[in-house]
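Visitor: Any chance you could fold what I've pasted below:
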Amino acid sequence: MVRTAPPARQPGSAPHALTIAGVDPSGGAGVLADIKAMSALGAYGCGVIAALTAQNTQGVTGILPVDPAFVGQQLDTLFDDVRIDAAKIGMLGQRRVTETVAEKLAARPVPHLVLDPVMVAKSGDMLLETEAVGALREALLPLATIITPNLPEAGVLLEQSVVENVRDMRRVAEKLRNLMDTSSHRWVLLKGGHLPGDDTVDLLHDGDVMLELPGRRIATRNTHGTGCTLSAALAALLPQSSDVPEAARRAKAYLMTALEQADRLRIGNGQGPVHHFHAWW
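Guide: Numbers count the residues shown, from 1 in each chain. All right, here's what the predicted structure looks like:
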């Protein structure tokens, strides 16, 4: 088969955004949620399946790993044909899958890479092997344009206790930035949704500038897939924005509205999804 390079993106055309993540059959998180968010924000969504789960709005009942070689084959086959303007990495599950994804993306870098270090589901179920954390830290963090950990995930990455105030979050953001490629312009978006109280301040840090993205807690139980949705929104918006701070603000605004509108949906009996298509339905 003769392989030709995908054509360059034309000005004004929709960006192609890729999600590399697991599948949540209920559609609230993982690849299905990512594709919804990307589509709602004007990007053409592509997906590589890194793990299968049996889950609903109430919890995870099973995880079926995808063979790492097949994850690599999905990536190679996609990149051989389709231009990818941005990608997000979500649930990978296994160490070998994490290493395979890092190897493939190092060989075929994308202009914008969002890393959401998915480790634990909203229900408390573990979604990443303990032995995979080191591979994620050592192999994927250096490749990322921006990482989007919440406070518990940041604690795992830094091997420290979870912080509970914005002052300590600043120090955590600095430590996380030092784990990334310090020779180039990379960003940390440290999410403050686990802070006590009604404020949900996120910090955006590039090693020099520390920006606060203020927010407020939305009174809804439908918060399933918020992290997936935010990182997918970033992947969709980075090629359409002038810089990372603009994309981050737009992504957070999209997520906040999706949370505000989440109760319009009636999906399952547990923690339902945010409303990805709030502007359309």
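Visitor: for the worst-scoring helix or strand of the chain on mean pLDDT, the distance to its chain's centre please.
Guide: Across the helices and strands of the chain, mean confidence by mean pLDDT, DSSP states H and E is lowest for helix 132-135: a mean of 84. Offset of helix 132-135 from its chain centre (C-alpha atoms, centre = their mean, to the nearest Å): 17 Å.
Visitor: Now do the helix or strand following that helix, average pLDDT.
Guide: The C-terminal neighbour of helix 132-135 among helices and strands, as given by DSSP states H and E, is strand 146-147. Regarding strand 146-147, the rounded mean pLDDT is 97.
Visitor: buried sites along stretch 241-261?
Guide: Across stretch 241-261, burial judged by 16 or more other C-beta atoms under 10 Å covers 241, 244-245, 247-252, 254-256, 258-261. C-beta: built from backbone N, CA, C; applies to glycine.
Visitor: That should have said stretch 171-180, apologies.
Guide: Result for stretch 171-180 [16+ other C-beta under 10 Å]: buried residues V172, A173, L176, R177, L179, M180.
Visitor: Can you name every helix or strand that the host helix or strand of the first one contacts?
Guide: Spelled out, that is V172. According to DSSP H and E, V172 maps onto helix 166-179. Secondary-structure packing of helix 166-179 (3 or more C-beta pairs under 8 Å, 6 or more residues apart in numbering; DSSP states H and E): helix 151-158, strand 187-190, strand 202-205, strand 210-213.
Visitor: what do you get if the cut-off is 7 Å, keeping everything else the same?
Guide: On a contact count with 3 or more C-beta pairs under 7 Å, 6 or more residues apart in numbering; DSSP states H and E, helix 166-179 meets helix 151-158, strand 187-190, strand 202-205.
Visitor: Can you give me the buried ones in the first one?
Guide: Right, the one you point to is helix 151-158. Of all the residues in helix 151-158, those buried under the rule 16+ other C-beta under 10 Å are L151, E153, A154, G155, V156, L157, L158.
Visitor: same deal with stretch 59-79?
Guide: Within stretch 59-79, the residues that count as buried by 16+ other C-beta under 10 Å are V60, I63, P65, V66, P68, V71, G72, Q74, L75, L78, F79.
Visitor: show me the contacts for the fifth one.
Guide: With contacts defined as C-beta atoms under 7 Å, 6 or more residues apart in numbering, the neighbours of P68 are Q94, R96, V97, T100.
Visitor: returning to that earlier point: which of the buried residues of stretch 59-79 lies closest to A17?
Guide: L78 (12.1 Å; C-beta to C-beta).
Visitor: Would you enumerate the residues in contact with the closest one?
Guide: C46, V48.
Visitor: let's number from 423 now, not from 1
Guide: All right, first residue 423 from here; so that's L500.
Visitor: following the host helix or strand of it, which helix or strand shows up next?
Guide: Per DSSP H and E: L500 is located in helix 490-503. From helix 490-503 onward toward the C-terminus, using DSSP H and E, the following helix or strand is strand 508-511.
Visitor: Check the burial of M513 by counting its neighbours.
Guide: The local packing of M513 (other C-beta atoms under 10 Å) involves 25 other residues.
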